[in-house]
Structure formats: C-alpha cells, structure tokens
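Peer 1: Give me the fold of what follows.
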Amino acid sequence: MNSEREIMKSENEIYLETGILGGYRPEEITKHRLGSGKIMPIFRDTICTAEKGRIELRRQMMVGGRSFTVRSIFDAGSEKTATDRLLKVIDEDLSKLTK
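Peer 2: Numbering: from 1, shown residues only. The predicted structure is shown next:
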C-alpha cells in the first residue's frame, strides 16, 4: 500500500520532501520507438519533438532551489539511445581516470 501512495505523490509533494522537482521516477517512464525499432525511454515530464531528422528531448528540473533545463538532441536515424551515449561518456571518463 505504501508503494502505491509513493506513485500517487504529486510533483509538489516530492519537491517539498526532497528539494528536487523533475526527479528520476522510473515508474513514470514512457517509451518512444525509434525508426530502427530500438526503444528510447522518455520521462513523463519530458517534451519530445521530432523534426528535420532529429529528436529533441527537453525537461525542466529544480534542484536546491535552482532551475535547470536539460536538453538532448539526437539524430532520428541513430541506433544509439540517450542512455547508450551517456554510458559511453561515463566509460571514457572512467578509462581516463584509470590510466
């Protein structure tokens, strides 16, 4: 029952508890299928637009009283998702640290 209540919390309730608005809530992710058939996860509060061969994702987040716009632009025909690209950047940074 408690987990059901967690899902039903409004963005304002979560912000008051955590100080983060637009946080990671995996239970509210939707899926967008790319032309290649691969699935791109999209947050409930993400604006997704597709035009001119690209996909643009935009989210507003508030952390610690500061507002941020997170914007990602991808080639619509790409085989890689946002997660694939982020993991590549993390791997490259980690490999620099271990050298």
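Peer 1: Where does the prediction get shaky in the chain?
Peer 2: 1-8, 20-27, 34-36, 79, 81-82 (pLDDT under 70).
Peer 1: Now do the longest helix anywhere in it: everything it contacts.
Peer 2: As assigned by DSSP state H, the longest helix anywhere in the chain is helix 82-97. Contacts with helix 82-97, where a contact means Cβ atoms under 8 Å, 6 or more residues apart in numbering, come from 40, 41, 57, 72, 74, 80. Bear in mind the C-beta positions are built from the backbone N, C-alpha and C, glycine included.
Peer 1: Report the next helix or strand after the helix or strand hosting the first one in sequence order.
Peer 2: Think residue 40. Using DSSP states H and E, residue 40 falls within strand 39-43. Sequence-wise, the next helix or strand downstream of strand 39-43 (DSSP H and E) is strand 47-51.
Peer 1: now that next one: how far from the chain's centre is it?
Peer 2: On the basis of Cα atoms, centre = their mean, to the nearest Å, strand 47-51 sits 14 Å off its chain's mean C-alpha point.
Peer 1: Tell me the helix or strand right after it.
Peer 2: Following strand 47-51 in sequence, per DSSP H and E, is strand 54-63.
Peer 1: List the buried residues of that following strand.
Peer 2: By neighbour count on 16 or more other Cβ atoms under 10 Å, the buried set for strand 54-63 is 55, 57, 59, 61.
Peer 1: can you redo those residues as TSV with distance to residue 97?
Peer 2: TSV is the format used below for these (distance: Cβ to Cβ, whole Å):
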residue	distance to residue 97
55	31
57	28
59	28
61	27
